[in-house]
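> The sequence and its predicted three-dimensional model are supplied below.
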Number of protein chains: 2
Amino acid sequence: METTFNTLKLVHLGIDTQKEHVVFMRRDCHICISEGFEALNRVLITVKGQSLIATLYIISAGILQSGTAGLSESAWKNLKAKEGDEVSFSHVQPVASMGSIRAKMYGKKLSNGALQNIINDIVKGQYSNIEIAAFITACAGDKLDIHEIIGLTKAMVNTGSKLSWGKKIVVDKHCVGGLPGNRTTPIVVAIIAELGLTIPKTSSRAITSPAGTADTLETMTGINLSIKQIKKVVEKENGCFVWGGSIKLSPADDILIRVERALDVDGEGQMIASVLSKKSAAGSTHVVIDIPIGKTAKVRTEEDAEKLRYYFNVVGKAIGIEVKALFTDGTQPIGRGIGPSLEAMDVLSVLRNEKNAPQDLRNKAIFIAANIIDLVNNQPHESGLITAEKILSSGKAYEKFMAICIAQGGFKEPEFAIHKMDIHADKSGVVTEIDNRKLAKIAKLAGAPHDSKAGVLLKTPLNTKVNKGDLLFCIYAETEGELKYAIEYMKSEPDIILLESVS
Amino acid sequence: METTFNTLKLVHLGIDTQKEHVVFMRRDCHICISEGFEALNRVLITVKGQSLIATLYIISAGILQSGTAGLSESAWKNLKAKEGDEVSFSHVQPVASMGSIRAKMYGKKLSNGALQNIINDIVKGQYSNIEIAAFITACAGDKLDIHEIIGLTKAMVNTGSKLSWGKKIVVDKHCVGGLPGNRTTPIVVAIIAELGLTIPKTSSRAITSPAGTADTLETMTGINLSIKQIKKVVEKENGCFVWGGSIKLSPADDILIRVERALDVDGEGQMIASVLSKKSAAGSTHVVIDIPIGKTAKVRTEEDAEKLRYYFNVVGKAIGIEVKALFTDGTQPIGRGIGPSLEAMDVLSVLRNEKNAPQDLRNKAIFIAANIIDLVNNQPHESGLITAEKILSSGKAYEKFMAICIAQGGFKEPEFAIHKMDIHADKSGVVTEIDNRKLAKIAKLAGAPHDSKAGVLLKTPLNTKVNKGDLLFCIYAETEGELKYAIEYMKSEPDIILLESVS
């Protein structure tokens, strides 16, 4: 029988290689020897008629019995493999669409067709991580022109599922990020939904930051909803704030983003395509993009922001979305908390119109909501501002926020972590600079976002006058060890909050 | 005790991830949870005071006991780990030199210092494969200028060991590849060594081809020699032909080449740096580079070849090597055999001055040897040709070849594989084209190079007149299965040997 010559029995190893498909084979396996397979080769594996391409890792020790092979979790799930299934192997040609990427390295443009083939192959799992890294690098640094960005965006839209709401207008907002504590989303959604506009907001968890909007919301309500559940919430309340990870709006982006993160590369073209393809898949017609500008934010100069605005507008138009990009202040954190629960407390304090609520978060949320209202109504700025402010001040936004939470499964109050350390000023002066990145790092070392109650609470925004011994910020952590890590790092970095003497 | 809080016991898993260091941890491991580690994170691991950076794979099934962790073979060897050793973990900053690569993506030049830092970090194992892929892609497609290529070459030279021979002149040759059966090396070494020049030749095994020079030589003599053994052979016989893989002349290149191969990307700048850094490390002063040009060879046009020649000359000069680049015919295989043993038979037939020896291989070997002689003597072409031809015809080259084999451990005759299939012409005509790549693929499917006796024996070079039914080529294989694979592929590709009717 031909099959037995070329097959092995599958064993469940449970090794998580993220999205990359990996197959594990013994060095002395007859298939490895007869096919001339070597470690890192790309191999076509077939289980019960289903095939995929995997990267080969060779095992020399005893974790695999003779005649068996293992798969990474991604390949195991994709092939619906079961312990003992027969798996067969064959050589694989290099993925054809990699040819376009090699041509791109040599300065050729990527056609719409080439981009669609690349994205299709990536979604099918035919690219290894190093091939994805080559794609990202070949496109990084402004190497995609506007036509290529449009082609990439369309290709991403074409590979995902698309939500529809039966409404002429569906709004959304997005922040290009890099600013801790920037949690306007729950407030904006509450205002806009209360106004009667449809705003089915999906948010992401933290990638490299101490909290994503989804992490923050999770300290107050359920965010892990199915598409069916989302539809029910939006039908009832006009809006929702859920985690986007489970509904797979842009499967290509979910794969690319992991490698981008590992490389710490976030090319403009790919970022635009990533954001707008997700908005298109979510059924949005009008989107406000928040671009914070600041020395330690993601976008550092107005010039860079202008280019992003241009790209967002043109690509948005090409796929049928009205985009308005806002430039906002990225010089200091918004609100006081950095970390899921601490940021949630800021949000609630604004929604409840508390006297000491962070005014910067309040103002920014109103500003973004107002711009959504004006974009939809095609009207000048002032009227949106008045509307948004009124809905928030009246307490109606808070009522809507609570109603959405109830519809999403209930509301709970966010809490502080057990361990706390107060950091005091070692001299008097005025706060002239705050290093967002270092504050974010302290919050992460303290445990955020995986410990949702951990993080940093900033007491002194820019331009605050402080006396020696005044409280600058507090660090919260769930374990003493993490508190210690955070404090050690903080001590090694003297200029996190810059105090200039007043003469 | 602080250490036990942050340590696990090592278990030997024996997983070969090639050069990339990987650490395997359980999903429910307290360190993963408290540190917030995720799959694909880069993690600093320390065993017995030795540290390295590894990529994290998370395991959910039972191959690791609670409280244990595993390492890839490369990390295991590098840390001299033993079963049960304590391993500790910490977060790692992104490698600083990746910053230069990100800047390169945005069009900045790489300074000599930046290139040295990148190469140092790569050799230290601080780069993941996807970071290496980003480096390769950022430099591919002509993106390195001549200063950057020189900087890269010098950086590679600085990280390896350097051989010295106590001679003013040490010669070498190199072929940029892509041509099956191009086994001039053993003949050239024999001629040059017989002439009294020092030629300590190291060769590589096949990367993607059916045979590397090292594979071919291994069918006749021992090639896996230590530096000490090489010195002894060269002292006695002036020359050697050994496998370069075991002596680590350019450790950076050994790492880069695996990812280049997986991406099928061979950027000019990196290729030049790879070749010349190895020659410099081998102590060469005069190097002849063979650049075959042809539609199915690696270099396809004379224009591309001219650019390579320019780069080789300028970079060679910068690191103190006289380079002469030769353009040769890359339109058909050299010799008749494709596969280690079959190519060795061609080599022996030329050295033995057999009547039916392949004249193309003979002529090319003489041509290259002559150019080495002329380069060293700084004299016009003709005198080298006469010298080389005389040494070969007289049988002295064959004697020198046998002497070197004996010094390397002995000589054995190459053999044919057991199974054979003759391929006949299905019509009459003249051979007007031979597809090198397809012939190479047949040889590989038949088992070359891992079955050293397998491969293809070509009977009809370009311009041969054949009658219907004449023998075109034979396929040799060690197993019936492999012979079948090769034949199946051959049948699916009609134009491997193009016959044009004679009118």
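That came through, no problem.
> can you list the residues of the stretch 101-250 of chain A near chain B?
Within reach of chain B by C-beta under 8 Å from any C-beta of the partner chain, the stretch 101-250 of chain A has these residues: A:102, A:105-107, A:128-134, A:136-138, A:140-143. Heads up, the C-betas are built off the backbone N, CA and C, glycines and all.
> Could you do the stretch 401-503 of chain A as well?
Counting by C-beta under 8 Å from any C-beta, the residues of the stretch 401-503 of chain A close to chain B are A:Lys444, A:Gly447, A:His450, A:Thr479, A:Gly481, A:Glu482.
> Please identify which of those residues is nearest to A:Val234.
Using C-beta to C-beta, A:His450 comes nearest to A:Val234 of those, at 29.4 Å.
> Next, count neighbours for the closest one.
The number of residues packed near A:His450 is 19, by other C-beta atoms under 10 Å in any protein chain shown.
> want to throw the residues of the stretch 401-503 of chain A next to chain B into TSV with secondary structure?
As requested, these are exported to TSV (DSSP: H, G, I helix; E, B strand; the rest coil):
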residue	secondary structure
A:Lys444	helix
A:Gly447	coil
A:His450	coil
A:Thr479	coil
A:Gly481	helix
A:Glu482	helix
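> So what touches stretch A:412-420?
With contact meaning C-beta atoms under 8 Å, 6 or more residues apart in numbering or on different chains, stretch A:412-420 is reached by A:219-221, A:340-342, A:344-345, A:348, A:446-447, A:451-455, A:474-480, A:482-483.
> try it again with 6 Å
A:Thr219, A:Ser341, A:Ala344, A:Met345, A:Lys453, A:Ala454, A:Cys474, A:Tyr476, A:Ala477, A:Glu478, A:Glu480, A:Leu483 (C-beta atoms under 6 Å, 6 or more residues apart in numbering or on different chains).
> circling back to that earlier point, considering the residues of the stretch 401-503 of chain A next to chain B, which possesses the most neighbours?
Busiest of these [other C-beta under 10 Å] is A:Gly447, holding 29 neighbours.
> contacting residues for that residue?
By C-beta under 6 Å, 6+ apart, the contact list for A:Gly447 reads A:Ala454, A:Ala477, A:Glu478, A:Glu482.
> And the pLDDT for A:His21?
On pLDDT, A:His21 comes in at 90.
> same check, this time on A:Gly36
In this model, A:Gly36 is scored at 68, pLDDT.
> can you map out the strands along the stretch 251-400 of chain A?
In the stretch 251-400 of chain A, the segments counted as strands under DSSP state E, counting those that start in this stretch are A:286-293, A:322-329, A:337-338.
> which of the ones you listed is buried the deepest?
Counting by mean count of other C-beta atoms under 10 Å in any protein chain shown, strand A:337-338 has the highest mean neighbour count of these, with a mean of 31.
> what's that strand in contact with?
Applying C-beta under 6 Å, 6+ apart, the contact partners of strand A:337-338 are A:Pro180, A:Gly181, A:Pro210, A:Glu343, A:Met345, A:Asp346, A:Leu439, A:Ala443, A:Gly455, A:Val456, A:Leu457.
> go on, stretch A:205-215?
Counting by C-beta under 6 Å, 6+ apart, residues outside stretch A:205-215 touching it are A:185, A:203-204, A:223, A:243, A:261, A:338-340, A:343, A:440, A:443-444, A:448-449, A:455.
> Counting neighbours, which bits of it end up buried?
Going by neighbour count (16 or more other C-beta atoms under 10 Å in any protein chain shown), the buried part of stretch A:205-215 is A:Arg205, A:Ala206, A:Ser209, A:Pro210, A:Ala211, A:Gly212, A:Thr213, A:Ala214, A:Asp215.
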